[in-house]
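Visitor: Any chance you could fold what I've pasted below:
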Amino acid sequence: MRRPTSVADQEIDMLLSLLRHVHIFAGCIALLTLWIPLFSAKGGTLHRQTGRVFVWSMGVLCAAAWILCAIRFADPGRRVFTTFLAFVSLLGWHSASSGWRVVTCSRRFRSVRGG
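Guide: Below is the predicted model of the structure:
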């Protein structure tokens with residue numbers, strides 16, 4: 001890691017460090033809460049609550065990743081790898097949000113399906 005030379009560089013480095021820690025913390029929460037909905041009774045209270053925590057932690061994780069990628073994209077030497085990581089983050093968010101959309105849409109259209 002480079003040494004900050006100005007106050008602005010120090011502030012950017014502090015922001016990057018904070019975002020990196022938020023990203024790591026949200027990732028740990030997502031990894032821990034992933035397993036509970038997978039092995040609990042489908043539709044139960046535990047399944048729904050931990051699933052909600054998982055989706056929110058994935059949202060925080062991806063938001064932090066996108067901000068980090070936007071900041072790092074300014075460095076020409078990191079643009080290709082940064083673009084790849086932003087795409088991976090987009091895929092992770094799509095996966096988590098798709099499950100959430102299935103649940104909310106199935107509730108909304110239950111009467112249409114006859115259920």
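Visitor: How far off centre is the helix or strand hosting Val80?
Guide: Element membership for Val80, per DSSP states H and E: helix 79-108. Centre-to-centre, helix 79-108 and its host chain are 8 Å apart (Cα atoms, centre = their mean, to the nearest Å).
Visitor: so where's this structure shaky on pLDDT?
Guide: For the chain, residues meeting the criterion pLDDT under 70 lie at 1-4, 107-115.
Visitor: That one: helices as residue ranges?
Guide: Secondary structure of the chain (DSSP state H): helices at 7-39, 45-72, 79-108, 110-113.
Visitor: Tell me which of those helices sits most buried.
Guide: Among the helices of the chain, the stretch with the highest mean neighbour count (mean count of other Cβ atoms under 10 Å) is helix 45-72, at a mean of 18. The way it works is simple: take the backbone N, C-alpha and C, and place the C-beta from them, glycine included.
Visitor: Show me what that helix is packed up against.
Guide: helix 7-39, helix 79-108 (3 or more Cβ pairs under 8 Å, 6 or more residues apart in numbering; DSSP states H and E).
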